[in-house]
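Engineer: What would the 3D arrangement of this be:
(chains A and B)
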Number of protein chains: 2
Amino acid sequence: MNLKYDPNGLVTAVVQDVNTHQVLMVAWMNAEAVRLTQQTGEAHFWSRSRQAMWRKGETSGNVLRVTELRVDCDADTLLVLAQPAGPACHTGETSCFYRVLE
Amino acid sequence: MNLKYDPNGLVTAVVQDVNTHQVLMVAWMNAEAVRLTQQTGEAHFWSRSRQAMWRKGETSGNVLRVTELRVDCDADTLLVLAQPAGPACHTGETSCFYRVLE
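Structural biologist: Numbers count the residues shown, from 1 in each chain, chains lettered A, B, ... in the order given. A predicted model of the protein is given here:
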């Protein structure tokens, strides 16, 4: 199946813990990040702010071991099922969604 | 807390079933969609393709009753915890992520 990349060559990637089912983070992948994720089994993303490839956990050690990539009906969003080696959020929280919107 | 809308005035919204924890769909919200969602308790989105406000289920009846809105560390993505009245996907599948990416 062909993914539908946006004009910037990206798809949205939602990461969910395959065991706890907690939604951990949302990031972006280009075709190369998808390829590297599939090839290595570790989640890779494209950083829009740094305009650079990014292997999640490359500095923190908190890699995401990917067990499955799922694609939505529009083929423009991925659901990344993964086993996290540690907190997914750079703040140290398990999930980036640690705050309730009041 | 102030959300950080992108240049198009949108934030990404990930919808998760509050009971089954299944990730159901990903869509977009502008400030008005966030406001309507909070005010009515039913998920509203901004359709980028139709450039129009969209109350999920307005034609299908498969509304999303929102129990909580969570925000990520960057404040540019929402996690919408909801009770779906029926299949979230327009294909009739429970979740839009019904396919594995090979």
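Engineer: going forward, measure contacts and count neighbours with C-alpha atoms only.
Structural biologist: Will do.
Engineer: Identify the bridge partners of residue A:25.
Structural biologist: residue A:15 (DSSP bridges).
Engineer: That one: what's it in contact with?
Structural biologist: A:14-16, A:88-89, A:95-97, B:72 (CA atoms under 8 Å, 6 or more residues apart in numbering or on different chains).
Engineer: quick one: which of those residues is nearest to residue B:4?
Structural biologist: When the contacts of residue A:25 are compared for distance to residue B:4 (CA to CA), residue B:72 wins out at 10.5 Å.
Engineer: would residue A:69 count as being in a helix?
Structural biologist: No. The assignment for residue A:69 is strand, going by DSSP: H, G, I helix; E, B strand; the rest coil, so no helix is present there.
Engineer: circling back: can I get the contacts of residue A:25 in CSV with pLDDT, neighbour count and distance to residue A:27?
Structural biologist: Formatted as CSV, the contacts of residue A:25 follow (pLDDT from 0 to 100; neighbours: other CA atoms under 10 Å in any protein chain shown; distance: CA to CA, whole Å):
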residue, pLDDT, neighbour count, distance to residue A:27
A:14, 98, 21, 7
A:15, 98, 27, 8
A:16, 98, 25, 12
A:88, 97, 23, 11
A:89, 97, 17, 11
A:95, 98, 22, 13
A:96, 98, 24, 11
A:97, 98, 24, 13
B:72, 98, 21, 11
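Engineer: can you pull out the strands in chain A?
Structural biologist: A:11-17, A:23-29, A:44-47, A:52-55, A:64-71, A:77-84, A:99-100 (DSSP state E).
Engineer: how about the residues of chain A near chain B?
Structural biologist: By CA under 8 Å from any CA of the partner chain, the residues of chain A that approach chain B are A:1, A:14, A:21-22, A:25-26, A:68-73, A:77-79, A:89, A:91, A:96-102.
Engineer: Buried among these? Make that a ChimeraX selection.
Structural biologist: Applying 16 or more other CA atoms under 10 Å in any protein chain shown to the residues of chain A next to chain B, the buried members can be selected in ChimeraX as follows:
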select /A:14,21,22,25,26,68,69,70,71,72,73,77,78,79,89,96,97,98,99,101
